[in-house]
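Trainee: Coordinates for the following, if possible.
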Amino acid sequence: MAQLDDIHTITLEKLKKCFSLTAVDLKYPMPERPLRTLGLVKIDGKVFHSNDFLRILIMNINIASVRGVRTIFLGPRTELDLPVFSSESILMGKKRMFFLDVQRRGGYDCHDDSELYNRLVAIKGNYPELFTEPLSTGREIEKTFSKAVCYVKISKDQDEQALQLFHEYLDAFLDVVKQAKPLTGDVLEQARCDYNLYTNTVIDHDPAAKVYKILFGKKGGVERVKELFFAC
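Mentor: Numbering: from 1, shown residues only. Take a look at the predicted model:
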């Protein structure tokens, strides 16, 4: 049976079949073991870019070999002015916390994404059993979430369904990426401004960004978040 433990490797295999990926030469190469954790935390993964994507992050974090986090982040190039695809699976034995969303990067009132989000909401509605234990971050970062967001507590027995949901979201997102045309002129400049505002919101409020600041200090944490997710 498919498991969330393998979501990062499954995703990378799928992306390589669809796009020509180029590995990014990182200032802080992975794997890393933050000194503040006495070597108990290992951060490993791969970062790519392509003609369509500014950043493709496929990452896993293992904590003392008993708890893992699987992070998937797909950020299209700014000139395509598209949402990002984001997923995080927090694995704690038989229990899991599963996050999945396709998030617009600012300019929330300036785009008609109804076709995409109606498709995603319809997909989400096919998996009611995954949403019996919804979760909330209760933070400023929720303002960036879409109406199709999924953030739930599930059991290991539900891994296969969670992966099915994940792949349906991913297929819908990749369809939009493949059809997108680059912007130019004033609309491109506005897209860049929206992207910068979104980047700052994530750095200031996203829980994962805060964890990086704890692990590597404020300066080192922010540098890593910018490099891994935003190519800056």
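
Trainee: So in terms of bridging, what pairs with residue 152?
Mentor: With DSSP bridges as the criterion, residue 152 is bridged to residue 98, residue 134.

Trainee: what packs against the lowest-mean-pLDDT helix or strand in the chain?
Mentor: Ranking every helix and strand in the chain by mean pLDDT, DSSP states H and E puts helix 185-205 at the bottom, with a mean of 88. Packing partners of helix 185-205 (3 or more Cβ pairs under 8 Å, 6 or more residues apart in numbering; DSSP states H and E): helix 207-225. Heads up, the C-betas are built off the backbone N, CA and C, glycines and all.

Trainee: May I have the helix it packs on as CSV, with CA atoms only?
Mentor: C-alpha atoms of helix 207-225 as CSV (Å, rounded to 0.1, in the frame of the first residue of the first chain):
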residue,chain,number,x,y,z
PRO,A,207,5.3,27.8,10.8
ALA,A,208,8.0,26.0,8.8
ALA,A,209,9.9,29.3,8.4
LYS,A,210,9.8,29.8,12.1
VAL,A,211,11.2,26.3,12.7
TYR,A,212,14.1,27.2,10.4
LYS,A,213,14.8,30.3,12.4
ILE,A,214,14.9,28.1,15.6
LEU,A,215,17.2,25.5,14.0
PHE,A,216,19.6,27.9,12.3
GLY,A,217,19.1,31.3,14.0
LYS,A,218,17.2,34.2,12.4
LYS,A,219,19.7,35.1,9.7
GLY,A,220,20.6,31.5,8.7
GLY,A,221,16.9,30.4,8.9
VAL,A,222,15.7,33.3,6.6
GLU,A,223,18.5,32.7,4.2
ARG,A,224,17.6,29.1,3.8
VAL,A,225,13.9,29.7,3.4
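
Trainee: Using the three-state scheme, assign the residue most central in space within the chain.
Mentor: Nearest to the geometric centre of the chain sits residue 86, at 2.3 Å (Cα atoms, centre = their mean). Recorded secondary structure, residue 86: strand (DSSP: H, G, I helix; E, B strand; the rest coil).
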